[in-house]
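**Q** this is the structure alone, sequence omitted:
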């Protein structure tokens with residue numbers, strides 16, 4: 001089956017290997033630090049400074065220690081007190097060697113930790129920048145949630161890191177505060193899954209801001225959790241130890257407290273992806289960014305509480321890959337643009353010649369732009385049936401040249417709504433080709 005990285009999975013199941021005292025702190029005169037973030041494919045992208053180097057990280061509540069990866073030749077960063085370790089995470093591959101580093105300086109605004117431990121993964125295959133469309137250097141999770149009350153406002157794209165000793169709870173309208181259990185550096189929330197057969201199944205879910213998916217469930221028929229009859233097999237993403245495959249479907253809803261999110265997407269990962277876990281215990285799955293972004297959330301690990309407040313995304317339909325196509329950046333390419341119109345008139349944008357129009361034939365400008373390629377096709381999807389292939393270079397969608405748009409904007413063009421006719425111009429073997437297909441739902 002073709003691999004289609006439609007949803008980025010950043011679940012890294014790491015055992016705590018460090019024991020040194022450490023922690024993030026705010027200045028004494030500051031109650032909280034507010035940080036703006038980018039929300040890309042339901043993932044929170046934060047600016048983080050490490051030992052003086054400015055990098056970008058995914059906020060991943062499913063990871064126990066910060067992990068650095070995707071350090072290119074252009075990135076220069078100092079890491080301290082290095083030793084070699086072997087780590088294991090989700091995926092169908094083998095454990096991998098990494099570096100552990102102690103005593104590093106982390107800064108997020110005024111929030112600082114001068115004794116932070118981290119892992120460095122040198123495998124170039126772990127690179128989420130190509131799928132997200134922006135440079136991403138690592139993931140950061142538990143240490144922030146441990147040291148602060150973390151308020152995530154998905155509506156305003158901002159995070160507040162509150163000093164737990166100075167934070168005051170207030171009665172927020174349309175908000176609910178629910179129990180949050182923190183076990184082994186990970187947080188879990190209880191909920192109820194409304195299955196398609198009208199069964200209501202109580203579940204314990206890992207809270208995973210580092211998953212762009214909505215809901216993952218383990219296939220546990222004995223507990224009432226079973227893959228619905230309507231489903232399809234898919235590539236779910238990449239974990240630390242390799243690719244993750246499973247089955248995608250829908251459930252009637254997921255309830256958290258009295259909040260009910262209806263017609264939610266669900267994925268059932270294959271057991272092989274969790275080979276290093278001999279027993280799931282009482283855990284039934286995980287809840288990811290596509291559900292969490294429907295709320296503004298306050299995580300209070302110290303008291304074992306989470307506060308949910310519905311925002312403007314609450315009733316938004318779940319995003320499906322209707323085209324069945326996945327894209328990623330693949331380096332840069334030159335494009336030639338004519339600077340003259342059909343009459344040979346060149347208009348200078350900067351008005352360096354006043355209002356004078358210069359007649360100049362065959363004047364062109366070469367520009368270097370990101371190249372967007374098809375990284376995967378779902379078997380039986382509209383894109384596959386139309387004849388698109390993995391490796392095709394996308395040039396235009398519905399008449400719009402893609403180099404004018406961000407990667408996520410191009411993906412949105414390809415997945416607008418059911419019944420929409422899509423025209424895609426691609427380059428294959430130095431030849432331009434056009435394909436047409438109509439978007440359709442899987443369920």
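**A** Looks like it arrived, so ask away. These figures come from a predicted structure and were not determined experimentally. Numbering: from 1, shown residues only.
**Q** name the SS class of the nearest residue to residue 100 once chain neighbours are set aside, please.
**A** Once flanking residues are discounted, residue 100 sits nearest to residue 85: 4.8 Å by Cβ to Cβ, 6 or more residues apart in numbering. Backbone N, C-alpha and C define where each C-beta goes, glycine included. Counting by DSSP: H, G, I helix; E, B strand; the rest coil, the backbone at residue 85 sits in strand.
**Q** show the pLDDT at the closest residue in space to residue 406 that isn't next to it in sequence.
**A** Take residue 406 and drop its neighbours on the chain: the residue closest to it by Cβ to Cβ, 6+ apart is residue 133, 5.4 Å away. At residue 133, the model reports a pLDDT of 83.
**Q** what's the local residue count around residue 133?
**A** By other Cβ atoms under 10 Å, 21 other residues sit near residue 133.
**Q** ditto for the one 5 residues further on
**A** Neighbourhood size, residue 138 [other Cβ under 10 Å]: 24.
**Q** so it touches residue 53, yeah?
**A** No. When contacts are counted by Cβ atoms under 8 Å, residue 138 is not listed as touching residue 53 (11.3 Å).
**Q** can you pull out the helices in this protein?
**A** 129-132, 142-147, 289-292, 382-386, 407-413 (DSSP state H).
**Q** quick check: bridge partners of residue 178?
**A** Beta-bridge partners for residue 178, by DSSP bridges, are residue 306.
**Q** how near is the nearest residue in space to residue 292 that is not next to it in sequence to residue 266?
**A** Leaving out its chain neighbours, the residue that sits closest to residue 292 by Cβ to Cβ, 6+ apart is residue 209, at 6.3 Å. Separation of residue 209 from residue 266 (Cβ to Cβ, to the nearest Å): 18 Å.
**Q** the two: which is more packed in?
**A** Higher neighbour count among residue 209 and residue 266: residue 209, with 28 against 25, using other Cβ under 10 Å.
**Q** tell me if I'm right that that one and residue 61 touch.
**A** Yes. With contact defined as Cβ under 8 Å, residue 209 reaches residue 61; the gap is 4.5 Å.
**Q** quick check: neighbours shared by those two?
**A** Here residue 209 and residue 61 share the contacting residues residue 141, scored by Cβ atoms under 8 Å, 6 or more residues apart in numbering.
**Q** coming back round to it: so how far is residue 45 from the residue nearest to residue 406?
**A** With the distance defined as Cβ to Cβ, residue 133 ends up 10 Å from residue 45.
**Q** kindly report the same for residue 415.
**A** Spatial separation of residue 415 from residue 45 under the definition Cβ to Cβ is 21 Å.
**Q** residue 437 is in contact with residue 422, correct?
**A** Yes. Using Cβ under 8 Å, residue 422 is in contact with residue 437, at 5.7 Å.
**Q** so what sits against both of these two?
**A** By Cβ under 8 Å, 6+ apart, the residues touching both residue 422 and residue 437 are 323, 382.
**Q** next up, the contacts around the residue nearest to residue 406.
**A** 40, 329, 370, 406-408 are the contacts of residue 133 under Cβ under 8 Å, 6+ apart.
**Q** got a pLDDT number for the residue lying closest to residue 441 once chain neighbours are set aside?
**A** Excluding the flanking residues, the one nearest residue 441 by Cβ to Cβ, 6+ apart is residue 418, at 5.1 Å. At residue 418 the predicted local distance difference test score is 90.
**Q** count the residues that sit near residue 418.
**A** Residues near residue 418, counting by other Cβ under 10 Å, number 11.
**Q** how far away is it from residue 438?
**A** Using Cβ to Cβ, which is the criterion applied here, residue 418 is 9 Å from residue 438.
**Q** also residue 123?
**A** 39 Å.
**Q** swap in residue 192?
**A** 36 Å.
**Q** try residue 374
**A** Following Cβ to Cβ, the distance that separates residue 374 from residue 438 is 18 Å.
**Q** just residue 301 next, same as before
**A** For residue 301 relative to residue 438 (Cβ to Cβ), the value is 47 Å.
**Q** who's more crowded, those two?
**A** Counted by other Cβ under 10 Å, residue 301 and residue 438 do not tie: residue 301 has more neighbours, with 22 against 14.
**Q** and that one, what pLDDT?
**A** As predicted, residue 301 sits at a pLDDT of 97.
**Q** now swap in the one 5 residues further on and tell me
**A** pLDDT recorded at residue 306 is 97.
**Q** and the one 10 residues further on, by the same measure?
**A** The score at residue 316 is 91. That number is its pLDDT.
**Q** what's the answer for residue 389, then?
**A** So residue 389 comes in at 95 (pLDDT).
**Q** what sits against it?
**A** Here residue 389 is in contact with 374, 377, 428 (Cβ under 8 Å, 6+ apart).
**Q** and the first one, what are its bridge partners?
**A** With DSSP bridges as the criterion, residue 374 is bridged to residue 327.
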